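Novice: build me a model from this:
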Amino acid sequence: MIYPFSTTPLPALAEVGVKGLSLMRMTHADLPVPPGFVCLLAFFEPWLTILHTTPEWASVQIAIQKGADLVTSTDALKAVCTDLALTTNQEGDLTESLQALPFVSECDHSPRDKKWQAAQVEGYGDADA
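Specialist: Numbers count the residues shown, from 1 in each chain. A predicted model of the protein is given here:
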């Protein structure tokens, strides 16, 4: 569910998206790309399954169908997202991927680690969906 930028052979565009595939291609071309990885859509499936059952998701769908302003409904959906937790599998996959990155060598290798979170704010370890 997670591919390092150095993955070979390169995955399909549909698996990793344009940004992810571009970063992987640049890595393979030995261009200066910080180490990182791409989280596949499958990584987020548990959350999408939950979100699809919420009234906030239904509100977004209704707003789209009516051509209405999406700000209110998407803000409500984003608020639901802040309560989503990593599943055991997600946390395991993410932790394993983080352990392979050199900038987290001083962290406890957990997605909940404060140093890891600080690195995210600084722009390191970009994970693309």
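Novice: give me the residues contacting the helix or strand Glu45 falls within.
Specialist: Following DSSP states H and E, the helix or strand that holds Glu45 is helix 41-51. Contacts with helix 41-51, where a contact means C-beta atoms under 8 Å, 6 or more residues apart in numbering, come from 1-2, 15, 57, 77, 80-81, 84, 87, 90, 93, 129. C-beta here means a position set from N, CA and C on the backbone, and glycine is covered the same way.
Novice: where in this protein is pLDDT low?
Specialist: Low-confidence segments of the chain (pLDDT under 70): 104-129.
Novice: can you give me the helices for it?
Specialist: 13-28, 41-51, 55-66, 71-81, 88-99, 114-122 (DSSP state H).
Novice: for Gln99, grab the count of nearby residues.
Specialist: Other residues within reach of Gln99, judged by other C-beta atoms under 10 Å, total 12.
Novice: and the gap between it and Thr87?
Specialist: From Gln99 across to Thr87, the span is 18 Å (C-beta to C-beta, to the nearest Å).
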